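Student: Generate coordinates for the sequence data below:
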Amino acid sequence: MSAERRQAPRVAERVTLAIREPGAPIQTETHNLSTIGAYCTVDRFISPMTKLQLQFDVPNGGRVAPIRCTGVVVRVDPAVSPAGRATYRMGIFFTEITEQDRAVIAQFVRDRIARRTSSAA
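Tutor: Got it, this is the predicted structure:
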């Protein structure tokens with residue numbers, strides 16, 4: 001059995017994610033999200049270590065909290081979409097994020113984990 005390498009809890013949640021990088025903007029959704037990063041699928045290759053500007057909204061109580069941060073691509077895996085197009089699964093590490101935004105994401109993750117734990121009981 002391999003040891004868990006993740007440094008922060010994550011939840012499998014779809015959150016709309018806008019990515020700006022040296023090419024054209026990308027709209028996608030996260031597969032999972034944590035306080036230190038996100039995992040998503042994009043329709044073009046972006047090299048590891050590419051710096052990205054990220055925008056997404058996280059449910060926060062009865063409101064939505066806009067998150068704006070910078071991240072870097074740390075993992076890229078080729079994949080194929082159900083339509084047969086080439087896609088890329090990409091891990092993004094948040095490099096510049098305010099503590100307030102990180103706290104909002106942390107609360108979102110805790111809420112989702114608690115909700116799943118209580119529904120499994």
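
Student: Please tell me how far the one helix or strand D111 maps to is from the chain's geometric centre.
Tutor: Using DSSP states H and E, D111 maps to helix 99-120. If you compare the mean C-alpha spot of helix 99-120 with that of the full chain, they lie 14 Å apart, counting by CA atoms, centre = their mean, to the nearest Å.

Student: so for it, what's the average pLDDT?
Tutor: Looking at helix 99-120 alone, the average pLDDT works out to 87.

Student: Counting by contacts, list what that helix packs against.
Tutor: strand 10-11, strand 26-34, strand 51-60, strand 63-80 (3 or more CB pairs under 8 Å, 6 or more residues apart in numbering; DSSP states H and E). (Glycine included, C-beta is placed from N, CA and C.)

Student: of all those strands, which lies closest to I19?
Tutor: I19 lies closest to strand 26-34 among the helices and strands packed on helix 99-120, at 4.2 Å (CB to CB).

Student: who's in contact with the residue most central in space within the chain?
Tutor: With the centre of the chain defined as its mean C-alpha position, the nearest residue by CA atoms, centre = their mean is A38, 2.1 Å away. Counting by CB atoms under 8 Å, 6 or more residues apart in numbering, A38 touches 15, 17, 30, 32, 54, 56, 71, 91-92, 94.

Student: Show residues contacting stretch 8-18.
Tutor: Counting by CB under 8 Å, 6+ apart, the neighbours of stretch 8-18 from elsewhere in the structure are 25-40, 54-58, 108-110, 112-113, 116.

Student: hmm, who's touching the helix or strand of the chain with the lowest mean pLDDT?
Tutor: Across the helices and strands of the chain, mean confidence by mean pLDDT, DSSP states H and E is lowest for helix 99-120: a mean of 87. Around helix 99-120, the neighbours that count as contacts under CB under 8 Å, 6+ apart are 8-11, 13, 33-35, 58-60, 65, 67-69, 94.

Student: Tabulate the CA atom coordinates of it in CSV.
Tutor: Presented in CSV, the C-alpha positions along helix 99-120 are these (Å, rounded to 0.1, in the frame of the first residue of the first chain):
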residue,chain,number,x,y,z
GLU,A,99,-5.4,33.7,3.6
GLN,A,100,-9.0,34.8,3.5
ASP,A,101,-9.6,32.9,0.2
ARG,A,102,-7.8,29.9,1.5
ALA,A,103,-10.0,29.9,4.6
VAL,A,104,-13.2,30.1,2.4
ILE,A,105,-12.0,27.0,0.5
ALA,A,106,-11.1,25.2,3.8
GLN,A,107,-14.6,25.8,5.1
PHE,A,108,-16.1,24.6,1.8
VAL,A,109,-14.0,21.4,1.9
ARG,A,110,-14.9,20.8,5.6
ASP,A,111,-18.6,21.3,4.9
ARG,A,112,-18.5,18.8,1.9
ILE,A,113,-16.6,16.2,3.9
ALA,A,114,-19.0,16.5,6.9
ARG,A,115,-22.0,16.3,4.6
ARG,A,116,-20.6,13.1,3.0
THR,A,117,-19.7,11.6,6.3
SER,A,118,-23.1,12.2,7.8
SER,A,119,-24.9,10.8,4.8
ALA,A,120,-22.8,7.7,4.9
